[in-house]
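Asker: predicted coordinates and the sequence they were generated for:
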Amino acid sequence: MKNDNNDKTPHFIKPLLGDVICWWSGGVTSAVAVWLAIQIYGKERIRIIFIDTFNEDDDTYRFKNDCEKWYGIEIETITGIGNEYKKIKDVWYKFKSLNVATGAICSSELKRKVREKWEKENKFTHQVFGFDISESKRAIGMKNNVPESKPIFPLMFYGYSKKDCIDILRYEFIAIPLAYWLGLLNNNCLKTGCVQGGMGYWQKMWKERRWTYLRMAVVEKQLTELSGEPVTMLKDQSKEAIAKAKKTPKADLVFLVPNKQFPNNKSLFDFKEMPVKPLFECNGFCSSNDLERNLTEKEINYEDKVSA
């Protein structure tokens, strides 16, 4: 048997320990992508990182514990909460906005910047992301525009969809996160609701988590008062609303509840029921302009200018 001490393989081409970084977001696709990466590279090469905004549902932490047992590896937690921001709402009030031209301002501050800082301070050969088979454009965008991230997409290797991931978790007797049971299609920031959820998502929140809906309605109202103009998550894309907005800027924006300060703007109660659409798992790239938008893009109010 060959003695490892006599191995002449140059050190610079040997695999490093912990050189494959897996970003675990709390959703079903990232969970299965991590599991596949372990099968491909082995436990010794894997580090699993979770960016915690402390805005997740309690069940996400149950899911995290279940995944750790499944993997046989601890999921490391990093966060942007604690210094400048004490909670996610601090980001919205600082910028007086919920979404900006490049996406969710909370994701930019509390996930993207945290991930980029971590990348600069750590060495890695690859980074694993839970993009499923339907997100090929998103993967190409990341490979082309953020090559330094060295991304790989195990779910695409195997042609797995989000449904396939749910089936795998059920086969392993791991309960999927509560958000999916509620009829939502992602597990992002369930405590406040996702600012990029879209109309169908927020209509579902009204039915399933009314207090969450009403608390976000208060946030919209307060941000509107601070900025002196409508600040909303949603916008109306009907021909009538687009024509109206050309004459009166922001007339197409949609509040969660009617706003007395801007009575001509519709609220979500003025719209018929819409389907909940799939969202990207929030892993620090959903605020980057190098990716294709969510399917909810036309329903989201992306602010062009934001003041801090």
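Answerer: It's in.
Asker: what separation is there between Leu223 and Gln203?
Answerer: Leu223 sits at a distance of 21 Å from Gln203 (criterion: CB to CB, to the nearest Å). Any C-beta I mention is one placed from the backbone N, CA and C, and that applies to glycine too.
Asker: let me redo that: Glu273
Answerer: Look at Glu273 and Gln203: by CB to CB, they are 6 Å apart.
Asker: who has more neighbours, the two?
Answerer: Shown here are Glu273 and Gln203; by other CB atoms under 10 Å, Gln203 has more neighbours (20 against 9).
Asker: for the record, mean pLDDT for the host helix or strand of the more buried one?
Answerer: Here Gln203 sits within helix 199-208, counting by DSSP states H and E. The average pLDDT within helix 199-208 is 96.
Asker: buried stuff in that helix?
Answerer: 199-206 (16 or more other CB atoms under 10 Å).
Asker: ok, residues contacting that helix?
Answerer: Residues outside helix 199-208 that contact it (CB atoms under 8 Å, 6 or more residues apart in numbering) are 182-184, 193-194, 197, 212-213, 233-234, 254, 256, 268, 271, 273-277, 279, 296, 299.
Asker: for the closest residue to Met205 other than its chain neighbours, pull up the helix or strand it's in.
Answerer: In this structure, Met205 finds its nearest non-sequential neighbour in Tyr213, 4.7 Å apart by CB to CB, 6 or more residues apart in numbering. Using DSSP H and E, Tyr213 falls within helix 210-227.
Asker: all strands of the chain, in order?
Answerer: For the chain, the strands defined by DSSP state E cover 20-23, 46-51, 75-78, 99-100, 103-104, 126-128, 151-152, 234-235, 253-254.
Asker: mean pLDDT and mean neighbour count added to the ones you listed, as JSON lines?
Answerer: Shown next, in JSON lines, are those (pLDDT from 0 to 100; neighbours: other CB atoms under 10 Å):
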{"stretch": "strand 20-23", "mean pLDDT": "96", "mean neighbour count": "26"}
{"stretch": "strand 46-51", "mean pLDDT": "97", "mean neighbour count": "22"}
{"stretch": "strand 75-78", "mean pLDDT": "97", "mean neighbour count": "14"}
{"stretch": "strand 99-100", "mean pLDDT": "80", "mean neighbour count": "22"}
{"stretch": "strand 103-104", "mean pLDDT": "82", "mean neighbour count": "26"}
{"stretch": "strand 126-128", "mean pLDDT": "95", "mean neighbour count": "23"}
{"stretch": "strand 151-152", "mean pLDDT": "94", "mean neighbour count": "19"}
{"stretch": "strand 234-235", "mean pLDDT": "92", "mean neighbour count": "25"}
{"stretch": "strand 253-254", "mean pLDDT": "95", "mean neighbour count": "24"}
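Asker: could you export those as JSON lines, including distance to Val219?
Answerer: Formatted as JSON lines, these follow (distance: least, CB to CB, whole Å):
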{"stretch": "strand 20-23", "distance to Val219": "27"}
{"stretch": "strand 46-51", "distance to Val219": "22"}
{"stretch": "strand 75-78", "distance to Val219": "26"}
{"stretch": "strand 99-100", "distance to Val219": "13"}
{"stretch": "strand 103-104", "distance to Val219": "14"}
{"stretch": "strand 126-128", "distance to Val219": "33"}
{"stretch": "strand 151-152", "distance to Val219": "33"}
{"stretch": "strand 234-235", "distance to Val219": "13"}
{"stretch": "strand 253-254", "distance to Val219": "14"}
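Asker: nearest to Arg115, out of those?
Answerer: strand 46-51 (6.3 Å; CB to CB).
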